[in-house]
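# need a structure here:
(chains A and B)
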Amino acid sequence: MSDETLTSWGAYPHFPQSGHMCTWRSRLAENFADVVARHGTTLPFGKGRSYGDSCLAASDHVLSLRRLDRLISADWQTGTIVAEAGMTLADVLKVAIPRGWFLPVTPGTKFVTLGGAVANDVHGKNHHVRGTFGRHVRTFGLLRSDRGQVVCSANDDADLYAATIGGLGLTGIIEWVELQLIPIRSSQLTVTTVRFNTLDDFFALSDELDGKNEYTVAWIDGFARGASKGRGVFTAANHADTGDLSVAAGKNLAVPFHLPVLAAGGALPRLFNSLYFHKHAAHRRVDPTGYEPFFYPLDGIGHWNRLYGRHGFQQFQCVIPHKTAQPALQHILETTARSGGGSCLSVLKRCGDLASPGLMSFPMPGISLAMDFPQTNTLDKVVFPQLDSIVREAGGRLYPAKDAHMTAEDFRRFYPAWSRVEATRDPALCSRFWKRVTA
Amino acid sequence: MSKVLIIGATSAIAIACAREWAKEGTAFFLVGRNARDLDDVRADLAARGATAQTHVLDFAATETYPAVFEQCFAALGRVDIALIAHGSLPDQKQCEADADIAMREFMLNAGSVIRLLTLLAARMEPQKSGAIAVLSSVAGDRGRPTNYLYGSAKAAVTTFCDGLRAQLFKSGIHVLTVKPGFVDTPMTRGLPIPGILLAQPRTVARDILAALKSRKGVLYTPFFWRPIMWIIRMIPDGVFKKLNL
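Take a look at the predicted model:
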């Protein structure tokens, strides 16, 4: 008997997971042992925001930790919190913002758990100044089937600490996380928005604005061809110095069921992309903006993944080193445009050179590109193999948290430290992703 | 500065309410069955700026009930808000097969609530202010074949609260009967409930806070359970007994 049925965010590959709920930390070891005794192996599961199969258990029986969402302690003088791994970033913000603190690093959705943020070593729009999430995690508690509770930090059980940051939840169950927050004076941001017409302009803007802004990111029109190819919108922001410390109200809209308006590709997403570009003024603007629309524009629409319908979608996210970035990105954009599908949502971001403590962290100095595609057969058979070879030749890599397609060979090339993670993996934990790329 | 007593403080709805109340200056007195779980809740509220004391209670040991209030009033001085949230979801089939189980469950879900409310009312009456919120259930609106032991216990709680509300009104104390539908809590785990009917504890908590503020007597939460339960009550007996609700 399971407690709930769970899927990954992209709903592809489609392997519904039986969720076994853990509600109290005091019962975690018992719940873990129970699921393992009945199903062989399992995998910790938070809010299911990983896109592909990295959050799916090889046994299809996951340990659902979303109810482990409590603070354990907080020092609001120093901005340090210790919280259970199932607490979401949204819940952290709700308690931190009124006290003048903010997440040191946040991905594009606040509906991920602390455990998930560590396991995927997530990054955000400030990667060029703060690096990945793992750099701000001082210690965490791990529960292993063979060793019981282990407290990991850069000094204690350092190997396990490094393997767990970006370790895809395989090195033990992250039970709690100690996180250092950053101080803010206002929950508003001062956002600079600039439209650009070519990929060259993106690089120029990134050179100009990355140094002056804590946060930078660019959206790029995945459908534009010919003269408008490479057009997009660059946004750069800093936390505002004045304003209040208000927490935004929750989401107001949700997609109630599968509504496959983006599934067919083509006209509608092409129109969305074009409208988005033209919505922004041609000249540079500076506006005060709330943190929600800046960091989490898509969180405002609950279950937006249902817009891709039952067959789901895949995200292709790669990072390309600076040296080869420009031609490789050009090549990728041309290839996707030629394939006819186009990406419904494409995002560019410069990653900095601050190293992560994690062994399998995704970012590297260079440019990251993320693109969303409705799931089709040609995607896996035609488009992705071409994109993979561009990334491979450019010396880049793909992001396991978003992945449902990379080959075992590519994975091992992209993440040579994988064997060290495999060596520290908890024998009771295994994901479908891990089985696929290490088999 | 509010003083909050929560009985059944490890229940998901109680935790969600407590988080809404928790801020600098709020003082909690948390009562529950399990010391470790209570301490997890206490730590969470403390990190949110509140202060909290815990008290472990075996609900079967009714003779220990008065001590709960002794210690609570010694710690807090008074109670501004009391939330009675403990309970269980008994297995109806087991209750049919074993009268002892049936009565034990009835005593937990109705008897203990009535006993605690009786003691609490006497303590709060002299304050001449404050509010008591009691978790009943939509299940108490009509006994259904799949769930009538639980339903009858909640019906007793609801009716008791109707009277208590009128009684304590004279002393300026408000009594709120909360009737949640299906909520995403450990109580409903594994039940085949359509997602659209499954409310989050946080939603229910916000409804409870709003209802306390507006001094509402009976709260259906989420709101759509009021019309649903009206229809269920209106079904003629001849038809109702043929349905397997």
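# pretty sure residue A:94 contacts residue A:245?
No. Counting by CB atoms under 8 Å, residue A:94 does not reach residue A:245; the two are 11.5 Å apart. Every residue, glycine included, has its C-beta placed from N, CA and C.
# Show me what residue of the stretch 251-400 of chain A gets nearest to chain B.
residue A:256 (7.5 Å; CB to the nearest CB).
# which other helices and strands contact the longest helix seen in chain B?
Using DSSP state H, we find that the single longest helix of chain B is helix B:148-169. Here helix B:148-169 touches helix B:92-97, helix B:99-106, helix B:112-124, strand B:131-135, strand B:174-180, going by 3 or more CB pairs under 8 Å, 6 or more residues apart in numbering or on different chains; DSSP states H and E.
# let's see 10 Å
helix B:92-97, helix B:99-106, helix B:112-124, strand B:131-135, strand B:174-180, strand B:218-221 (3 or more CB pairs under 10 Å, 6 or more residues apart in numbering or on different chains; DSSP states H and E).
# among those, which is nearest residue A:166?
Judged by CB to CB, the one of the helices and strands packed on helix B:148-169 that comes nearest to residue A:166 is strand B:174-180, at 40.5 Å.
# what are the pairing partners of that closest one, and which direction each?
strand B:131-135 (parallel), strand B:218-221 (parallel) (DSSP bridges).
# Just the C-alphas of that strand, formatted as PDB.
Taking Å, rounded to 0.1, in the frame of the first residue of the first chain, the C-alpha atoms of strand B:174-180 are listed here in PDB:
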ATOM      1  CA  HIS B 174     -16.500  32.400  21.300                       C
ATOM      2  CA  VAL B 175     -16.800  28.800  20.200                       C
ATOM      3  CA  LEU B 176     -16.000  27.800  16.600                       C
ATOM      4  CA  THR B 177     -17.000  24.400  15.200                       C
ATOM      5  CA  VAL B 178     -14.700  23.500  12.300                       C
ATOM      6  CA  LYS B 179     -15.900  21.000   9.800                       C
ATOM      7  CA  PRO B 180     -13.200  20.200   7.300                       C
END
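# any weak-confidence spans in chain A?
A:1, A:250-252, A:264-266 (pLDDT under 70).
# Residue B:204 - how many residues pack around it?
Using other CB atoms under 10 Å in any protein chain shown, residue B:204 is surrounded by 24 other residues.
# Does residue A:74 have any beta-bridge partners, and if so which?
Counting by DSSP bridges, residue A:74 is bridged to residue A:81.
# Contacts only, for it.
Counting by CB atoms under 10 Å, 6 or more residues apart in numbering or on different chains, residue A:74 touches A:80-83, A:92, A:95-96, A:99, A:101, A:179, A:181, B:43-44, B:46-49.
# Show me which of those residues are buried.
The neighbour count (16 or more other CB atoms under 10 Å in any protein chain shown) marks A:81-83, A:92, A:95-96, A:99, A:101, A:179, A:181, B:43-44, B:46-49 as buried among those.
# and chain B, which residues reach chain A?
Within reach of chain A by CB under 10 Å from any CB of the partner chain, chain B has these residues: B:10, B:12, B:15, B:19, B:22-24, B:34-37, B:39-49, B:184-186, B:188-191, B:195-196, B:198, B:201-203, B:206.
# could you pull out the helices for chain A?
With DSSP H as the criterion, chain A has helices spanning A:28-39, A:89-96, A:114-119, A:127-130, A:158-164, A:199-209, A:267-279, A:291-295, A:322-338, A:377-378, A:384-393, A:408-414, A:418-424, A:432-438.
# Could you say which of the ones you listed is packed most deeply?
Highest mean neighbour count among those (mean count of other CB atoms under 10 Å in any protein chain shown): helix A:114-119, with a mean of 29.
# got the buried residues for whichever strand or helix holds residue B:229?
Using DSSP states H and E, residue B:229 sits in helix B:225-234. Within helix B:225-234, the residues scored as buried using 16+ other CB under 10 Å are B:225, B:226, B:229, B:232.
# Downstream of that helix, the next helix or strand is which one?
helix B:237-240.
# Buried residues, that next one. List them.
Those would be residue B:240, for helix B:237-240 by 16+ other CB under 10 Å.
# one step back: so what's the gap between the longest helix of chain B and the chain middle?
Distance of helix B:148-169 from the chain centroid (CA atoms, centre = their mean, to the nearest Å) equals 11 Å.
# What residues does the stretch 1-150 of chain A have near chain B?
Neighbours of chain B within the stretch 1-150 of chain A, by CB under 10 Å from any CB: A:1-5, A:19-21, A:23-27, A:64, A:66-76, A:81-84, A:87, A:91, A:94-95, A:98-99.
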